[in-house]
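**Student:** sequence first, then the predicted structure, then my questions.
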Amino acid sequence: MKAAQARILLTGATGGIGREAAAAFLAAGARVLLSGRSPQALAALRVRLARRHALGEDDLSWAAADLRMPQEVEALAEHAAGWRCNVLVHAAGAPAFGALDALDAVTLADVLNTNLLAPMLLTRALLPHLRRQRRAQVLCVGSVLGAIGLPGYSVYGASKSGLRGFAEALRRELAGSAVRVQYLGPRSTRTSFNTAQAQAYAKETGSASDSAASVAAALVQMLASEAPERFLGFPEKLAVRLNGLVPTALDGGFRGHGRTLATLASLQERTGP
Ligand SMILES: NC(=O)c1ccc[n+]([C@@H]2O[C@H](COP(=O)([O-])OP(=O)(O)OC[C@H]3O[C@@H](n4cnc5c(N)ncnc54)[C@H](OP(=O)(O)O)[C@@H]3O)[C@@H](O)[C@H]2O)c1
């Protein structure tokens, strides 16, 4: 839809990508309901954005929610419906980098709850309202790692792969309704999401990264184009296609990543985090 018609509930608004996305959506003419966990961070972000875009309370608002808590997800959906939201952008996310046996059970649960269960619950809670709109969109911020399994990202990749499956099935389930479902898969993006270890891994394995502003620009484009799915970066786009066609084709190509992961882990064991 046209940005000027969009009233966007943006989760993860206080994050590196979320802050840029909020600014880019507002600059394109959309109204935004910012969401994150910290009321202080949200209020400060609102003040900064409102100053730049000269917007009133209804055009730019915020609501705090910890998306791991189902009752907070319900309350956020209710608030967003009252605010007359017609676009839901799932940009909140939790990271997990490391070999599977180096990750604790709490991290596993947090990542799956935040990256996969929360978008499902929030979409479900808001769906009756979205269905009543003339036009509505649900835009999921996934990852290239949801389409290509990389050593060190088994749990994070599973959460984003699950989100991709959710978006694809829901898109088909809602075909013919007012609601479009979309999935954006950015590659590594320069925000504080990536730990020093994850950054060292990316450097050692020669992975390129994008700015948060370029991911935000892609989100604005997807709002307008209503494209069902898009991945960012080359050769990542090509690798996603190849991996989809022949899932074992890239196994050999990622052996070096596995060795880098093991080297970084043993280095960390010796020197500490
Ligand atoms: N950075 C990358 O390399 C990269 C690449 C591909 C995809 N992505 C995806 O892009 C999205 C944004 O990433 P980012 O780089 O902007 O990360 P970020 O800077 O760490 O921001 C994460 C955002 O998610 C919110 N969040 C985390 N846990 C939450 C919870 N339990 N409840 C509510 N909100 C929660 C944070 O809010 P608080 O202020 O409350 O912490 C913050 O606004 C994520 O879905 C991520 O998986 C990132």
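**Tutor:** Everything's here; your move. Residues are numbered from 1 along each chain as shown.

**Student:** bridged to residue 141, which residues?
**Tutor:** Counting by DSSP bridges, residue 141 is bridged to residue 184.

**Student:** and for it, the neighbour number?
**Tutor:** Residue 141: 30 surrounding residues under other CB atoms under 10 Å. Heads up, the C-betas are built off the backbone N, CA and C, glycines and all.

**Student:** for the closest residue to residue 143 other than its chain neighbours, list the residues it contacts.
**Tutor:** Using CB to CB, 6 or more residues apart in numbering and skipping the chain neighbours, the partner closest in space to residue 143 is residue 160 (4.2 Å). By CB atoms under 8 Å, 6 or more residues apart in numbering, the contact set of residue 160 is 115, 142-143, 145-146, 185.

**Student:** phi, psi of residue 160?
**Tutor:** Torsion angles at residue 160 (phi, psi; degrees, to the nearest 10) stand at phi -80, psi -30.

**Student:** cool, and residue 236?
**Tutor:** Main-chain dihedrals, residue 236, degrees, to the nearest 10: phi -60, psi -40.

**Student:** I'd say it and residue 145 touch.
**Tutor:** No - judged on CB atoms under 8 Å, residue 236 makes no contact with residue 145 at a distance of 9.6 Å.

**Student:** what is the burial count for residue 56?
**Tutor:** For residue 56, the neighbour count with other CB under 10 Å is 9.

**Student:** pull the contacting residues for it.
**Tutor:** Under the criterion of CB under 8 Å, 6+ apart, residue 56 has no contact partners.

**Student:** cool, the one 10 residues further on as well?
**Tutor:** If you count contacts by CB under 8 Å, 6+ apart, residue 66 has them with 37, 72.

**Student:** how about the secondary structure of residue 177?
**Tutor:** Using DSSP: H, G, I helix; E, B strand; the rest coil, the secondary structure recorded for residue 177 is coil.

**Student:** residue 162: how many residues sit nearby?
**Tutor:** If you count neighbours by other CB under 10 Å, residue 162 ends up with 18.

**Student:** any idea how far it lies from residue 169?
**Tutor:** To residue 169, residue 162 is 11 Å away according to CB to CB, to the nearest Å.

**Student:** show me what contacts residue 134?
**Tutor:** Counting by CB under 8 Å, 6+ apart, residue 134 touches residue 178.

**Student:** and the chain, which of its residues are near the ligand?
**Tutor:** Counting by CB under 6 Å from any ligand atom, the residues of the chain close to the ligand are 11-18, 36-38, 41, 66-68, 91-94, 114, 141, 143, 186, 188-189, 191-194.

**Student:** now these: which count as buried?
**Tutor:** 11-18, 36-37, 41, 66-68, 91-94, 114, 141, 143, 186, 188-189, 191, 193-194 (16 or more other CB atoms under 10 Å).

**Student:** among those residues, which are in helices?
**Tutor:** 16-18, 41 (DSSP state H).
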